[in-house]
Each structure stands twice: as C-alpha cells, then as structure tokens.
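Enquirer: got a predicted model here, sequence first, then my questions.
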Amino acid sequence: MRIDIVSIFPEYFAPLDVSLLGKARAAGILDIEVHQLRDWTTDRHRTVDDTPYGGGPGMVMKPEPWGRALDAVLAAGREAGPAAPVPRLVVPTPSGRPFTQVHAQRLAAEPWLLFACGRYEGIDARVVEDARQRMPVDELSIGDYVLAGGESAALVIIEAVSRLLPGVLGNADSVVDDSFAAGPMSALLEGPVYTKPASWREHEVPAVLLSGDHGAVARWRRDQALLRTAANRPELLAGRGPDDLDRRDLEV
Ligand code: ADE
C-alpha cells in the first residue's frame, strides 16, 4: 500500500519508523511519503493560514497551498506507478464520520491513501469540495474530542489500517479476535488475557484456561467478552438478540 501524508509537521510522523509499521516499511509492504505543506506556498513567509470569513476565533488553512499539494502528490504518485489511478483522500477532522474498525478494513483494501492533516480551525472547505471531483474522500473523526491537529489522528488511522495488511502482523489469526473485528465475537470487547506464571502475587489464572478443554475455553472467552462489553460499552449489546444474552453467556 502507498500512503502519502501532507502536513506542516512532517516530523510528527517519526513513529512510522518504529515497531510493526517500521518493519512493514522496511519489507516494502508500506510505501509512506510525508510531505511538507509549506513547500507549496509561494510567499516569503510560507504562509498556510488566514483569518476566517464571517469572523470568529482562530485561523483557517488557505486553499491554494492545499490545492497545489494534492495536485502534486497525485501527479508524483502516478509517475511512481502506483496500483491505482487516484488515491482515497482521508481528512482527519473532529467534524468527520466516526472512524471504526469497519473503516479500517475498507481502507486496508485500498492500494493508495492520501492523508491531509489540518491544523488551526481546519482547512478551507473548498479543498475537500475540489478534491471530491477527482478522488474519493473520507472525512473521519477518531473520537468526540478535539486534538490540536490531524497528525495524531492520521497516525491512529494509519496504524489501525496497516496492521490489517497481509504480512504486517506476525500471526494473521491475531486480528480475528480483536475487539470490533468481524466474526463470531463481532462487536464484543475482548475479555482478559493471561500468560505464565499460572500464579502471581496470589492472583490465579482462571482454571478453565489450564484445563485443555477447547470448548470450555471458547465459551468462557465469549462469556468474558459479553461481561466486559456489558460493563464498559453496554450500547454495543443493545441490538443483540436474546440468544446472544442467554443465562449461560452471563454466568461467570
Ligand atoms: N483533528 C482534531 N481533532 C480530531 C479528531 N477528534 N479526529 C480526527 N481529527 C481531528
């Protein structure tokens, strides 16, 4: 997968060289390019923001540098011979649709993503309007809080997407049981996990996990997932049928 990122803080993306993502880049699974938005300004001060029309606090990112930046990244990506004629543009913003595991799975199927990271009060709305004429666009929020800019949200989205790419995680099974993943445990939070030693500071690993009874282990894990979901995210259970919430599931 090719990923281009445009930001006024390219150094924010140093973590993309660490751990799983760093290895995926070294292995050629991820081809990431980070671009400085100010490279597409034309004035001496490399200005990227201005006061908002209609008044109000803060500054808005000017459309011209963004327009030129997106055009240039598109042209360069095409020259580099990517797997797609246009990227999917992802704009992290608190005003976007909530980013979920479903988005992560859809984005992981794309050959080319382009992240536009805004700062201040956001990017002039005409930039997305103009981009939509040339490429698919997702405006995504990573949660109901306001960050100082789109950079940390882009990092979150890139990590969630990248770990789904074939060859990024050591064990392909490990994405199956993830909280929120599709499958038998879908929309349930993962329950507690344990490793050796079986006894630590007088806390014991639940006996069923040492029993070797795979059916009992699977039932226990599902029960724990339901209990944790009921405690921490009850709204996720609201749409489930009674067979999902029978007495056996709710026994500890
Ligand atoms: N930029 C600022 N806050 C954000 C949020 N919650 N999600 C995505 N991008 C953002």
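Expert: Structure received. The structure presented is a predicted model; accordingly, all values stated were derived computationally and were not measured.

Enquirer: looks like Glu190 contacts Arg222 (just checking).
Expert: No: taking contacts as Cβ atoms under 8 Å, Glu190 lies outside contact range of Arg222: 10.9 Å. The way it works is simple: take the backbone N, C-alpha and C, and place the C-beta from them, glycine included.

Enquirer: domains of this structure?
Expert: The record assigns the chain these domain ranges, following automatic domain parsing: 2-162, 176-250.

Enquirer: is it true that Leu114 lies in a strand?
Expert: Yes: assessed with DSSP: H, G, I helix; E, B strand; the rest coil, Leu114 lies in a strand.

Enquirer: still on that earlier bit, out of the domains of the chain, which one sits most buried?
Expert: When neighbours are counted by mean count of other Cβ atoms under 10 Å, the highest per-stretch mean among the domains of the chain falls to domain 2-162, a mean of 17.

Enquirer: mind listing what the residue of the stretch 151-252 of the chain found nearest the ligand touches?
Expert: Nearest residue of the stretch 151-252 of the chain to the ligand: Ala153, at 3.4 Å (Cβ to the nearest ligand atom). When contacts are counted by Cβ atoms under 8 Å, 6 or more residues apart in numbering, Ala153 touches 92, 99, 117, 140-142, 147.

Enquirer: element containing it?
Expert: Remark: Ala153 resides in helix 151-162, with elements defined by DSSP states H and E.

Enquirer: please save the CA atoms from that helix in PDB.
Expert: Listed next in PDB are the C-alpha coordinates belonging to helix 151-162 (Å, rounded to 0.1, in the frame of the first residue of the first chain):
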ATOM      1  CA  GLU A 151      -1.500  14.500  12.600                       C
ATOM      2  CA  SER A 152      -2.100  12.300  15.700                       C
ATOM      3  CA  ALA A 153      -5.400  11.200  14.200                       C
ATOM      4  CA  ALA A 154      -3.700  10.200  11.000                       C
ATOM      5  CA  LEU A 155      -1.200   8.200  12.900                       C
ATOM      6  CA  VAL A 156      -4.000   6.400  14.700                       C
ATOM      7  CA  ILE A 157      -5.800   5.600  11.400                       C
ATOM      8  CA  ILE A 158      -2.600   4.500   9.700                       C
ATOM      9  CA  GLU A 159      -1.700   2.100  12.500                       C
ATOM     10  CA  ALA A 160      -5.300   0.600  12.600                       C
ATOM     11  CA  VAL A 161      -5.200   0.100   8.800                       C
ATOM     12  CA  SER A 162      -1.600  -1.100   8.400                       C
END
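
Enquirer: can you state the direction angle for that helix and strand 112-116?
Expert: With axes from the mean of the first three to the mean of the last three Cα atoms, to 10 degrees as the criterion, the two stretches helix 151-162 and strand 112-116 enclose an angle of 170 degrees.

Enquirer: ok, now how distant is the residue nearest the centre of the chain from Thr93?
Expert: For the chain, Ile157 is the residue whose C-alpha lies nearest the centre (Cα atoms, centre = their mean; 2.0 Å). Remark: distance between Ile157 and Thr93 (Cβ to Cβ, to the nearest Å) = 12 Å.

Enquirer: what does Gly191 give?
Expert: Counting by Cβ to Cβ, the gap from Gly191 to Thr93 is 34 Å.

Enquirer: and stretch 115-130, how far from the chain's centre?
Expert: Here the centre of stretch 115-130 is set off from its chain's centre by 19 Å, with Cα atoms, centre = their mean, to the nearest Å.

Enquirer: any low-confidence regions in the stretch 51-200 of the chain?
Expert: Judged by pLDDT under 70, the stretch 51-200 of the chain has its weakly predicted residues at 82-83, 171-173, 176-177, 182-186.

Enquirer: please identify the residue most distant from the middle of the protein.
Expert: Outermost residue of the chain with respect to the C-alpha centroid, by Cα atoms, centre = their mean, is Glu202; its distance is 38.3 Å.

Enquirer: list phi and psi for that residue.
Expert: The phi/psi pair for Glu202 (degrees, to the nearest 10) reads phi 70, psi 10.
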